[in-house]
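Student: model this:
(one chain, ligands or ions: 1)
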Amino acid sequence: MFFCIPCYYVAMHNKFSKSRLPGNPHVARIPVPVRELHAGHRAAILEHFLQLNDDDRRLRFGTHTPDEVIERYVEGLDFNQDTIFGIFDAQLNIVGLAHLAYLPVFKSKARAAEFGVSVLAEGRAQGFGTALLGRAAVHSRNTRIETLFVHCLANNKAMMHLAQKAGMSVEYAYGDADAYLKLPPANSSTIVEEAANEQWADFDYAVKANLKRSHAAWWWFLGRPALAS
Ligand SMILES: CC(C)(COP(=O)(O)OP(=O)(O)OC[C@H]1O[C@@H](n2cnc3c(N)ncnc32)[C@H](O)[C@@H]1OP(=O)(O)O)[C@@H](O)C(=O)NCCC(=O)NCCS
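Tutor: Residues are numbered from 1 along each chain as shown. This next block holds a predicted model:
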């Protein structure tokens, strides 16, 4: 029997991405590809945030967040200081995004980072939020972070569920919730795990980019206008 690798990949990816996966994305034996983003992704990051509705923006940023505020936030992202992770859909839109912000280091305090996450409505309940949190936790360990924080509204049930599932302790005060996770030091398996996910995410991205290009070529060949990329 003849197997076309890209077709097989697409079929498997669609099968798993459309199914209602349990919280652990590894249950499907295909980890969610989480890619570390760079400044060249700024426009795609902005596009991601602008697609969040008012409620999601309030949950993500803790307050009413108009477009201009999001634009300034994205312009101000420092990719040398912080780490941004993304999950891409077949059109290379960012469907899930996480910002791992390193907090200032004080002499007597443990090194800490704050995690913020958003997944577009159509991407939810497929393990993307869990995968982003898992990847951020491993990256934090590998960069000597000892405590991972998540600050969110106390009524954010989905985020609270994610945090508790990841073993975070949660403290509630005045409608806000602070979840924190004490991280053990890195070891060889956390280094290998992150490298493997990075390679898998690079492969996933390359396949999607090729498919997108070949789609555009087919439209051109068939005489229809290609979609703007
Ligand atoms: C929070 C958020 C990132 C979760 O993304 P996601 O991709 O849907 O997350 P997952 O699929 O990995 O897991 C969601 C889990 O929450 C659970 N969940 C979803 N809504 C829930 C609710 N209202 N109450 C309780 N649990 C809920 C799901 O059942 C799932 O649990 P499971 O893994 O045990 O099955 C997403 O809802 C989002 O972007 N919200 C808006 C922004 C936001 O709130 N950011 C967090 C503050 S920084």
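Student: anything in the helix or strand containing residue 85 sitting right up against the ligand?
Tutor: Residue 85 is part of strand 83-88, with elements assigned from DSSP states H and E. No - with CB under 6 Å from any ligand atom as the criterion, the ligand is not reached by strand 83-88; the gap is at least 8.8 Å. Using the backbone N, CA and C atoms, a C-beta is placed for each residue, glycine as well.
Student: and the helix or strand following that strand, what does it pack onto?
Tutor: Counting by DSSP H and E, the next helix or strand C-terminal to strand 83-88 is strand 94-102. Under the contact criterion of 3 or more CB pairs under 8 Å, 6 or more residues apart in numbering; DSSP states H and E, strand 94-102 touches helix 42-50, strand 83-88, strand 112-119, helix 128-142.
Student: distance between the ends of stretch 76-83?
Tutor: Using CA to CA, to the nearest Å, one end of stretch 76-83 lies 13 Å from the other.
Student: just stretch 56-76 next, same as before
Tutor: 21 Å.
Student: Which positions within it qualify as buried?
Tutor: Across stretch 56-76, burial judged by 16 or more other CB atoms under 10 Å covers 56, 57, 59, 60, 61, 65, 70, 74.
Student: Out of the helices and strands packed on strand 94-102, which is closest to residue 204?
Tutor: Checking the helices and strands packed on strand 94-102 against residue 204 by CB to CB gives strand 83-88 as the closest, at 7.3 Å.
Student: neighbouring strands for the strand holding residue 85, and are they parallel or not?
Tutor: strand 35-36 (antiparallel), strand 94-102 (antiparallel) (DSSP bridges).
Student: Throw those into TSV and include mean pLDDT, distance to the ligand and mean neighbour count, thanks.
Tutor: Below are these laid out as TSV (pLDDT from 0 to 100; distance: least, CB to the nearest ligand atom, whole Å; neighbours: other CB atoms under 10 Å):
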stretch	mean pLDDT	distance to the ligand	mean neighbour count
strand 35-36	97	16	19
strand 94-102	98	6	22
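Student: Same list, those strands, but as TSV with distance to residue 49 please.
Tutor: What follows is the strands paired with strand 83-88, written out as TSV (distance: least, CB to CB, whole Å):
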stretch	distance to residue 49
strand 35-36	17
strand 94-102	8
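Student: and of these, who's closest to residue 129?
Tutor: strand 94-102 (6.8 Å).
Student: In the longest helix anywhere in the chain, which residues are buried?
Tutor: The residue-count maximum for a helix in the chain (DSSP state H) belongs to helix 188-221. Residues of helix 188-221 classed as buried: 190, 193, 194, 197, 198, 200, 201, 204, 207, 208, 211, 212 (neighbour count, 16+ other CB under 10 Å).
Student: Count the neighbours of the closest residue to the second one other than its chain neighbours for me.
Tutor: In this case it means residue 193. Distances taken as CB to CB, 6 or more residues apart in numbering place residue 138 nearest to residue 193, at 5.6 Å, with adjacent residues excluded. As a burial measure, residue 138 scores 19 neighbours (other CB atoms under 10 Å).
Student: Can you name the residues of this structure that neighbour the ligand?
Tutor: Counting by CB under 6 Å from any ligand atom, the residues of the chain near the ligand are 22-23, 56, 59-60, 116-119, 124-130, 150, 152, 156-159, 161-162, 165.
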